[in-house]
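1. test case, fold it:
(2 chains)
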There are 2 protein chains.
Amino acid sequence: MALIVQKFGGTSVGSLERIQHVADKVIKAREKGHQVVVVVSAMHGETDRLIKLANALTSEPNPREYDMLLATGEQVSMALLAMALNAKNCPARSYTGLQIGIHTDDFHTKARILNVDTTILLKELAEGYVIVVAGFQGVNTRGDITTLGRGGSDTTGVALAAALKAEECQIYTDVEGVYTTDPRVIKEAMLLSHISFEEMLELSSLGAKVLQMRSVEIAAHHNMPIRVLSTFTEGEGTLVTFEDKIMQKRLVSGIAFSHEEAIISIFGVPNRAGIEGEILGMVSDANIEIDMIAQNATGNSATDFTFTVQRKDFKNTMSIIEKISKKLGAASIKSNAQVAKLSLVGLGMRSHAGVASKMFKALGEADINILMITTSEIKISVVIDEKMLERGARAVHEAFELDKKLLENESAEIEAGNL
Amino acid sequence: MALIVQKFGGTSVGSLERIQHVADKVIKAREKGHQVVVVVSAMHGETDRLIKLANALTSEPNPREYDMLLATGEQVSMALLAMALNAKNCPARSYTGLQIGIHTDDFHTKARILNVDTTILLKELAEGYVIVVAGFQGVNTRGDITTLGRGGSDTTGVALAAALKAEECQIYTDVEGVYTTDPRVIKEAMLLSHISFEEMLELSSLGAKVLQMRSVEIAAHHNMPIRVLSTFTEGEGTLVTFEDKIMQKRLVSGIAFSHEEAIISIFGVPNRAGIEGEILGMVSDANIEIDMIAQNATGNSATDFTFTVQRKDFKNTMSIIEKISKKLGAASIKSNAQVAKLSLVGLGMRSHAGVASKMFKALGEADINILMITTSEIKISVVIDEKMLERGARAVHEAFELDKKLLENESAEIEAGNL
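-> All right, here's what the predicted structure looks like:
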């Protein structure tokens, strides 16, 4: 008998039929002898409905009241799920974040979980209840309801699993797990049976948004295995764990990409200390998020400086950059708002040379121009023309044989190893 | 400067425009120098929407989860109102019943308020906030959310007012106050400037449902004046207070009536001790509510027994009564499912003879047959043919001159008295 936490997203509880289906899934886990804590999001569309109400009322909703409003979404779905469970003779009780004691900091609309009180949870689990907890919300030291921001229910799930020392945190979603790349775009994408936290973090932040960043951080910190799997189909999904628990290592795990990017280059900027902070500080001050940054020092006195922002921020960014470059006496500015980012992620990069060049070669052979490159320990990202994104992703996917049935062979190897 | 509690019902907060309007009303009271605690119901239709969800999911929703679900309705409207107030530069904070500490008993879906913690309320009022509290809900000793049943927001308002020793509890509704009779039926109905708790209780229970019974009981117990007034029009409404605070006494205050009644008489029942309990016990055991009861002992050995039930319960009641009367050897049964109840309420009846006969005379002159009569200290009720209800109400209304502009004269008298 194990204790597991199951988190169901808004699509999974999007209708009464689906809530019944989720109840069946919970009961199945219980029949296997598990103790189950369930975390639910608001029913699909409900949070948007509430946000619309607030925005129709005032352009700047009071953040405390905004959280108070939004928190009702999860309260509705958790009560309905607990009702469905009880109706199926499975004793269940639902709790809000405030009732359980999911303590957060004070930052309304984007609070962070500080700690979770397990008193009620452990007591009711021992009494044989399934506990249904509202995702996405907590309570601050004042006793006010806070919310964790979009995708916060994943974080609730992982935080509860960590606090309860659960065997694993199962994140049910509308995809079957983590793929080598986006299966909606590249049909050859393969389901990964496992992935490391590090790779998952890189993939999450790159647009392959299966899990919320913060939830992976918490899981990694507490060494809590996360299993991503589908509410609607059977399957083992993808297990996200620490690198050392993964027995078979792949060179690369996946390809992530994001549309709607814009790239801006400033040429001939005086190459003095602090110049980067000066330029990017002005952009950040306008509340514009900078994604990739690359710099090429062309000589002693001047440097070229390139960065990307989301396309929606392009116009604002350009008007700031034009002012700065005039002030700094930069030689020229070049920009392109029709670009996309393609990233290759894999733990194997650390120890294997030639991954980058193999990627660039594949793109070159597909006749794709690289506009910008940045690298980290386990990730290589390139900016390319947006129209080339799918072709590029496919080329790199093939080059690293991510479309080959490696997983089955690997599984065979593990089993052999276990004997 | 006074502390007042304002309660707004579901129709008053039924749309974002109306919530803005309520915010303006609250701000107006605040500008007069009052401290204001606001109690809100769920937006019109929201509670029904939630009930439908629960009933579509299961025929017997778990009561704890049912309350958890329904409580979100008020949380939405209170957050929206607090947002609207803040947007109009009126500092406001909303609280659920659980957060404030509105302690109730354990009876889910129809809990009773036991006591109200005023710690947060007093602290935040002192800091200059308007406090918006969710009506209809509280928390039991387990920490579970409870709801008070339909109309429970009135009770929340009065309980908060009593706990805070407020100057008065204003119940905003979609009518201008309490009338001498139903103005939708009898257009000559007059708005009462005041009424006693006792009369209000009788009127409430008789179908003139302006306030929830339990709220009047609490108000009477704590001697808390209630003012019933309209959200949508200006006016002083009707003040509900203790008899001794009302300077001008009317003979009668109003006429209440209720449709959809059914009357059943059993003739020739053996007149022995406990026979009434035997008959009515069977009906009660079938969960049927008995309203009026009258008995005429026609002789030593036999008695006639008459009572009323709601029309929806008529068929069930008849099949029970037919069985009992056979068993008891009653002479006959007579019934009529097309009747209505008409009641005259007034404190003056206590001291003035002739009220009953004046009422019966008025009905007789209108050619209306009385099928049954019951009386209490301040109320006389008759059962008549339903088709005669409006004519009967009008006849009694005129007979007691409730349609005359008595109120203005009375006001003049009071003012004279005060000089």
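
2. how about low-confidence regions in the stretch 301-419 of chain A?
-> A:405-419 (pLDDT under 70).

3. can you pull out the strands in it?
-> A:302-310, A:332-345, A:372-376, A:379-385 (DSSP state E, counting those that start in this stretch).

4. of all the ones you listed, which one comes closest to chain B?
-> Chain B lies closest to strand A:302-310 among these, at 28.5 Å (CB to the nearest CB). Placement of C-beta: from N, CA and C, glycine included.

5. before we move on, the earlier item: indicate which one of the strands of the stretch 301-419 of chain A is closest to B:Lys326.
-> B:Lys326 sits nearest to strand A:302-310 of all the strands of the stretch 301-419 of chain A, at 83.1 Å, using CB to CB.

6. that closest one: partners in the sheet, and parallel or antiparallel?
-> strand A:254-270 (antiparallel), strand A:290-297 (antiparallel) (DSSP bridges).

7. other residues contacting the shortest one?
-> This means strand A:290-297. Contacts with strand A:290-297, where a contact means CB atoms under 8 Å, 6 or more residues apart in numbering or on different chains, come from A:261, A:271, A:276, A:280, A:283-284, A:303-310, A:341, A:372-374, A:381, A:383.

8. what parts of chain A come near chain B?
-> Counting by CB under 8 Å from any CB of the partner chain, chain A comes close to chain B at A:16, A:19-20, A:50, A:53-54, A:56-58, A:60-62, A:64-66, A:68-69, A:71-72, A:75-76, A:78-80, A:82-84, A:86-87, A:92-94, A:98-99, A:143.

9. 6 Å instead?
-> A:16, A:56-58, A:61-62, A:65, A:68-69, A:72, A:75-76, A:79-80, A:82-84, A:86-87, A:94 (CB under 6 Å from any CB of the partner chain).

10. just the buried residues from those residues, in PyMOL please.
-> The buried residues among those can be selected in PyMOL (16 or more other CB atoms under 10 Å in any protein chain shown) with this line:
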select buried, chain A and resi 16+57+58+61+62+65+68+69+72+75+76+79+80+82+83+84+86+87+94
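
11. still on that earlier bit, now, of the contacts of strand A:290-297, which are buried?
-> By 16+ other CB under 10 Å, the contacts of strand A:290-297 give A:261, A:271, A:280, A:283, A:303-310, A:341, A:372, A:374, A:381, A:383 as buried.

12. now the helices for the stretch 1-150 of chain A?
-> If DSSP state H, counting those that start in this stretch is used as the criterion, the helices of the stretch 1-150 of chain A fall at A:16-31, A:46-57, A:63-87, A:97-100, A:119-126.

13. can you pull the buried residues of the last one?
-> In other words, helix A:119-126. Neighbour-count burial for helix A:119-126, with 16+ other CB under 10 Å as criterion, is recorded at A:Ile120, A:Leu121, A:Glu124, A:Leu125.

14. skipping adjacent residues, who's closest to the residue of the stretch 101-250 of chain A found nearest chain B in space?
-> The nearest approach of the stretch 101-250 of chain A to chain B comes at A:Gly143, 6.2 Å away (CB to the nearest CB). Spatial nearest neighbour of A:Gly143, chain neighbours left out: B:Gln99 (6.2 Å); criterion: CB to CB, 6 or more residues apart in numbering or on different chains.

15. then A:Gln212?
-> A:Gly151 is the one closest to A:Gln212 (CB to CB, 6+ apart), at 3.4 Å.

16. quick one: pLDDT of A:Gly128?
-> pLDDT, A:Gly128: 96.

17. what sits against it?
-> A:Gly128 makes contact with A:Pro91 under the criterion CB atoms under 6 Å, 6 or more residues apart in numbering or on different chains.

18. quick one: it from A:Thr303, how far?
-> From A:Gly128 across to A:Thr303, the span is 66 Å (CB to CB, to the nearest Å).

19. low-scoring stretches of chain A, by residue?
-> Across chain A, the ranges flagged by pLDDT under 70 are A:204-209, A:243-250, A:297-300, A:405-419.

20. show me it divided up by domain.
-> As recorded under automatic domain parsing, the domains making up chain A are A:3-174, A:255-399.

21. just say which of those domains is most tucked in.
-> With neighbours taken as mean count of other CB atoms under 10 Å in any protein chain shown, those reach their highest mean count in domain A:3-174, at a mean of 22.
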